[in-house]
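K.L.:
3D model of this:
(3 chains, ligands or ions: 3)
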Amino acid sequence: MRGVGVGVVLAGVVLLVVAGGALFADLIAPFDPLEQAVDRRLLPPGRKHLFGTDGFGRDVLSRTLYGARVSIAVALASVLVAGGAGVALGLTSAYAGGRYDLMVQRGIDVLHGFPFLVMALIVVVALSPSPAATAAAIALSLLPLVARVARGAALSVVEEEYLLAVRATGAGAARTVFRHVLPAAGPPIAAYLAACLGTAVGAEATLSYLGLGVPPPYASWGRMLREGSRAYFDAAPWVTLLPGLVLCATVVSLIVVGDRLGRRRYRACGERRPQRVGRPRQ
Amino acid sequence: MVRYMARRVIVAIPTLIAMSLLVFAIMRVLPGDVSLAILADTPHTVEMREALRRELGLEEPLPAQYARWAGSMLDGSFGGRSLETGEPISAILAEQLSVTLLLAVYAVVLSLAVALPLGVAAGLHRGRALDRAIEGASRAALSVPTVFAALLVMWLLLRLFGWSPPIIYEGPADDPATHIQMVFWPALLLAAAYGPHLVRVTRTRLIDVLDSDYAESARARGLTEAHVVLRHALPNALVAAITVAGVQLGALVSGAIVVETVFGLPGIGRGIVHAALARDYPVVQSIATILVALVLAGNLAVDLLYSFLDPRVRYDGRRM
Amino acid sequence: MSAAASPGGSAASAPSLVEAEGLRVHFHPRSGLLRRSTVRAVDGISLVVGRREVVAVVGESGSGKTTLGRALLRLAPISGGAVRFDGADLLALDRPALKAYRRRAQVVFQDPYASNSPFMTVGEQLREPLAVHGIGAVSGREEIVLRALEQVRLTPAADFVDAYPHTLSGGQRQRICIARALVLEPEFIVADEPVSMIDASSRAEILSLLRELQARQGVSFLYITHDIASARHFSDRTTVMYLGTAVEVGPSAGVIEEPLHPYTKGLIAAVPEPDPRNRRRMRSVIPGEPPNAAAVPAGCPFHTRCSQVIRGRCDRERPKLQDVRPAHSVACHLYDGSV
Ligand SMILES: Nc1ncnc2c1ncn2[C@@H]1O[C@H](COP(=O)(O)OP(=O)(O)OP(=O)(O)O)[C@@H](O)[C@H]1O
Ligand code: SF4
Ligand SMILES: [Mg+2]
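P.N.:
Ligands and ions are numbered 1, 2, ... in the order given. As a prediction, this is how the structure comes out:
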């Protein structure tokens, strides 16, 4: 394929490794992530402990692998929820138009007015910390973004004359939305959701770092950042920075892949229609 | 013009009300019983819970609760007192808000100062190495999670200079040296998260103008490229950057919450996190609302500034 | 196609297939935060299309032709007036009846590049209407599709079934649109400037194809066009439209060779000169502001541009359509009392 840069390939590799690590953590992880040992506290990265050990003598690499499960699961859940609701809202409001569209848009505007973390924060506080609450908080923050993108993508399709032609054949709303709007609006939305996954992983880490995300028994990446940086950042930076690096690589890779997907032209052959200066409709 | 501005302001009011309703709804309606959540970690008796419920006014019907709270937001008591310390919320705000506002101003100034030249440079060198380098850098700055960047910076400072931020915050007037030491890195990190948007929009708008028929005809009339850039492209790009600066204010608030916590700055961002950890509901609810209102006001201000700078915005509100 | 499926079940005794009476389509785009303006795209037009008849609608850009065509198919929101199809009130159709109507009345749009789905092969697009209406067994549909492709002269038809629209030329795409309309065997087709965006070389072919279909299958057409010459060629009767109303109606030969209305005269004097920058629009050649449906003048809608305007009358009183010759009527005060 033409134009796939080194960056995209690298991002793909990172994502494969991280996903593989999370999936097969039981097989790969050299140690039990919860197993404590006083005699090997705060060991620097070495042959036995690639990422070193933390203040309880737990193997940081193993914790990072298991942490990936929590982080990715929370992020996936939030993107699924935000994606499902956002796409449904966006597509229907673009297709239906009128008063409904206006109402949805106002609602989205209100949600969108919240800084990402402020929204996540109040939701987490209201629900008490848990993985589900974290996912819900992130989902609610993502919802207006996804809904806007979905609406925009669908709108560019809804305005196409071929949808009117489809309507003229007698096709109902469901058929029109699923057979015609979704295939056209789908790829840009999917690309956006990939980038959202990156944002969600970052958001989980941020919330957990602040102590408002996933609570203690779960070793998410954000949780590791919090524990590592508060207790012995100076003495054992690897406990914080190595999981942080994995987190960072994952987020960046997801965004790179999303970007790349988004830039693919969805009209298969890249052909442009003859330019029309003024469309009769506004 | 005045009418246009007045209308923008008036239209923002229902939005603000809707936002405060949403905060209220999430805090009160969503979790069921607030008092249970607050007392979750502490052993308590039924009487304690009921006392708390009375104190919080939870026995009242929800509309009355909302009205009381909204009223207190307007009369300056901002929802009463902290559950944790008993301190009036207005006092908390007075103490913390200035820190965050200063930090935000530094970050915006810093990012404008860096992003505009970079955006212009990228636009003028479009497609060449410099452009690609700037694009790469802004993309990196945009995608690295701020928490990680902040922790990394913190560690580097510690390693390289053995430096860690002063513990006690000082205002700019009291002790400028400490103040700057304390806010410089957080402001820089915020700017790094905020500036890339400005770089991009500056570059794009600059290129748009340089490619326009208008610029073409200016060149044809014999005007120099420098003239086209300075008189036409730059002002346009600036206006666009300012608009984006307004749109991204929310990102600035999120960023502030993170960097204040990492660097121990006693601003409102750290304040809301602290209150959240302590389950200090009234404080979280009021600070969240105030942050949202501030962002809305900032957006509005930028909007008005924009309409002032760009005469093409029609005064009858017909835009978009 | 039998008339038994007629919506509302009314008898097919009425001679005309489509009848619009005082039809209005007003849009209310937002023009301020709370204000809405009124765009009178179609403003009280009456129109009849008989069985097997081709009626042309001509007029400048913005006169409401497209909106009229869409309203007749209930693809535009009708604000007032009445439309009857085969005697049945279109506005009263419920969902199933509307679907049945869609089978009997079809459309061919102006822009063949925009009116094909880029994600479906030609075969998929032609099968879709059949699936929507449950026509034929799934296996038998292929044959219907092939037949339709042959009808529009895309041969060998089998080669086109699996093609995507982007591999086809504008003329070929427009044939696909026509085929898509034909698979449902409609009685009435609205053809909205079907050739204006096609290369000049294929225009004549497509028009003669339409004419042939009309002759062979007895389909009625509403033929919307800028091109008065093609209206003369292709249609039995012509309606001249200006700002949402009919200003002249009559046999095409009469209207085009001996126009009565000052606007029609202006249109005919103006060689239809396509605007090279914009294939959708014709350069306005009649002096004065082009029609703006958001600000329809009082009195005769054309009085702001008419060279024969009668002061004190044309700007006050809206002229009504009146028969001046047999079956040829005009809405203009110049003909008051000449009946
Ligand atoms: N959905 C809409 N909302 C608002 N105004 C509309 C809408 N559709 C059409 N109009 C307006 O109605 C008027 C008539 O438009 P219409 O497309 O019917 O004209 P037309 O005669 O087909 O022109 P053309 O020759 O350019 O195709 C125009 O002023 C147009 O801007
Ligand atoms: S009615 Fe008057 S203004 Fe209108 S066309 Fe006739 S003469 Fe001209
Ligand atoms: Mg038209």
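K.L.:
contacting residues for residue 229?
P.N.:
Since no chain was named, I'll use chain A. A:209, A:240, B:151, B:154, B:262 (Cβ atoms under 8 Å, 6 or more residues apart in numbering or on different chains). In this view, the C-beta of every residue, glycine as well, is placed from N, C-alpha and C.
K.L.:
hm, I was asking about chain B
P.N.:
B:124, B:206, B:210.
K.L.:
how about the strands in chain C?
P.N.:
Shown for chain C, the strands assigned by DSSP state E span residues C:16-27, C:39-50, C:54-58, C:80-85, C:88-89, C:105-108, C:188-192, C:220-225, C:237-242, C:245-251, C:322-325, C:328-330.
K.L.:
adding distance to residue A:32, mean pLDDT and mean neighbour count as columns, could you present the ones you listed in CSV?
P.N.:
Rendered in CSV, the data for those read as follows (distance: least, Cβ to Cβ, whole Å; pLDDT from 0 to 100; neighbours: other Cβ atoms under 10 Å in any protein chain shown):
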stretch, distance to residue A:32, mean pLDDT, mean neighbour count
strand C:16-27, 68, 93, 20
strand C:39-50, 71, 94, 22
strand C:54-58, 80, 95, 26
strand C:80-85, 76, 93, 19
strand C:88-89, 77, 92, 16
strand C:105-108, 69, 93, 28
strand C:188-192, 72, 94, 25
strand C:220-225, 76, 94, 26
strand C:237-242, 81, 95, 27
strand C:245-251, 84, 95, 24
strand C:322-325, 97, 91, 15
strand C:328-330, 94, 95, 22
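K.L.:
save these as TSV, and put in distance to residue C:148 too.
P.N.:
Below are the strands of chain C laid out as TSV (distance: least, Cβ to Cβ, whole Å):
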stretch	distance to residue C:148
strand C:16-27	22
strand C:39-50	23
strand C:54-58	21
strand C:80-85	23
strand C:88-89	27
strand C:105-108	12
strand C:188-192	13
strand C:220-225	17
strand C:237-242	28
strand C:245-251	32
strand C:322-325	41
strand C:328-330	37
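K.L.:
which among those strands is found nearest to chain B?
P.N.:
Among the strands of chain C, the nearest to chain B by Cβ to the nearest Cβ is strand C:39-50 (14.7 Å).
K.L.:
how about the closest one, does it reach ligand 1?
P.N.:
Yes: contact of strand C:39-50 with ligand 1 (Cβ under 6 Å from any ligand atom) involves C:39, C:41.
K.L.:
now do that strand against strand C:80-85, angle only.
P.N.:
Counting by axes from the mean of the first three to the mean of the last three Cα atoms, to 10 degrees, strand C:39-50 lies at 30 degrees to strand C:80-85.
K.L.:
close to ligand 2: what parts of the stretch 151-282 of chain A are there?
P.N.:
Counting by Cβ under 6 Å from any ligand atom, no residue of the stretch 151-282 of chain A is near ligand 2.
K.L.:
and for the closest residue to residue C:164 other than its chain neighbours, the neighbour number?
P.N.:
Closest residue to residue C:164 apart from its sequence neighbours, by Cβ to Cβ, 6 or more residues apart in numbering or on different chains: residue C:121 at 5.7 Å. Neighbour count for residue C:121, taken as other Cβ atoms under 10 Å in any protein chain shown: 16.
K.L.:
what do you get for residue B:240?
P.N.:
Counted with other Cβ under 10 Å, residue B:240 comes out at 23.
K.L.:
same thing with residue C:77?
P.N.:
Neighbour tally, residue C:77, other Cβ under 10 Å: 13.
K.L.:
among the contacts of residue B:229, name the ones in helices.
P.N.:
The helices, defined by DSSP state H, take in B:124, B:206, B:210 from those.
K.L.:
what are the contacting residues of stretch A:22-31?
P.N.:
Applying Cβ under 8 Å, 6+ apart, the external contacts of stretch A:22-31 come out as A:20-21, A:49-50, A:58-59, A:61-62, A:65-66, A:68-69, A:72.
K.L.:
can you do 6 Å?
P.N.:
Here stretch A:22-31 makes contact (Cβ atoms under 6 Å, 6 or more residues apart in numbering or on different chains) with A:59, A:62, A:65, A:66, A:68, A:69, A:72.
K.L.:
ChimeraX command for the buried members of the contacts of residue A:229?
P.N.:
Buried subset of the contacts of residue A:229, written as a ChimeraX selection, criterion 16 or more other Cβ atoms under 10 Å in any protein chain shown:
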select /A:209,240 /B:151,154,262
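K.L.:
could you dump the contacts of residue A:229 to TSV with secondary structure?
P.N.:
As requested, those are exported to TSV (DSSP: H, G, I helix; E, B strand; the rest coil):
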residue	secondary structure
A:209	helix
A:240	helix
B:151	helix
B:154	helix
B:262	helix
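K.L.:
from ligand 1, how far out is the residue nearest to residue C:164?
P.N.:
Plainly put, residue C:121 is 29 Å away from ligand 1 if you go by Cβ to the nearest ligand atom, to the nearest Å.
K.L.:
and residue A:71, what does it touch?
P.N.:
A:201, A:204, A:220, A:221.
K.L.:
give me that answer again for 10 Å
P.N.:
Shown in contact with residue A:71 (Cβ atoms under 10 Å, 6 or more residues apart in numbering or on different chains): A:18, A:22, A:64, A:131, A:134, A:200-202, A:204-205, A:208, A:213-214, A:218-224, A:243, A:246-247, A:250.
K.L.:
out of those residues, list just those in strands.
P.N.:
Among the contacts of residue A:71, DSSP E puts none in strands.
K.L.:
what does the helix or strand containing residue B:137 rub up against?
P.N.:
Residue B:137 is part of helix B:129-143, with elements assigned from DSSP states H and E. Outside helix B:129-143, the residues that touch it by Cβ under 10 Å, 6+ apart are A:7, A:195, A:198-199, A:202, A:248, A:251-256, A:258-259, B:115, B:117-119, B:121-126, B:149, B:189, B:191-200, B:203, B:207, B:251.
K.L.:
hmm, try it at 7 Å
P.N.:
Outside helix B:129-143, the residues that touch it by Cβ atoms under 7 Å, 6 or more residues apart in numbering or on different chains are A:198, A:251-252, A:255, B:118, B:121-122, B:125, B:192-193, B:196, B:199-200.
K.L.:
same deal with stretch B:85-96?
P.N.:
B:76-82, B:266-268, B:271, B:282-283, B:286, B:290.
K.L.:
how many neighbours does the closest residue in space to residue A:112 that isn't next to it in sequence have?
P.N.:
Leaving aside its chain neighbours, residue A:112 sits nearest to residue A:144 (4.0 Å; criterion: Cβ to Cβ, 6+ apart). Number of residues near residue A:144 (other Cβ under 10 Å) recorded here: 22.
K.L.:
what do you get for the one 3 residues further on?
P.N.:
Residues near residue A:147, counting by other Cβ under 10 Å, number 27.
K.L.:
that one: which element?
P.N.:
helix A:131-158.
K.L.:
is ligand 1 within reach of that helix?
P.N.:
No: figure legend: helix A:131-158 not in contact with ligand 1 (Cβ under 6 Å from any ligand atom); closest approach 12.0 Å.
K.L.:
counting by contacts, list what that helix packs against.
P.N.:
helix A:60-96, helix A:98-112, helix A:116-127, helix A:182-209 (3 or more Cβ pairs under 7 Å, 6 or more residues apart in numbering or on different chains; DSSP states H and E).
K.L.:
near chain B, which residues of the stretch 51-200 of chain A show up?
P.N.:
By Cβ under 7 Å from any Cβ of the partner chain, the residues of the stretch 51-200 of chain A that approach chain B are A:109-110, A:113-118, A:121-123, A:125-128, A:198.
K.L.:
identify the farthest-apart pair in these.
P.N.:
Using Cβ to Cβ, these span at most 28.9 Å, a distance reached by A:109 and A:128.
K.L.:
mind listing what's buried along stretch C:329-339?
P.N.:
Quick answer for stretch C:329-339 (16+ other Cβ under 10 Å): C:329, C:330, C:331, C:332, C:333, C:334, C:335.
K.L.:
burial count for the residue of the stretch 101-250 of chain A found nearest ligand 1?
P.N.:
Here the stretch 101-250 of chain A gets closest to ligand 1 at one residue, residue A:159, 10.0 Å apart by Cβ to the nearest ligand atom. Neighbour count for residue A:159, taken as other Cβ under 10 Å: 13.
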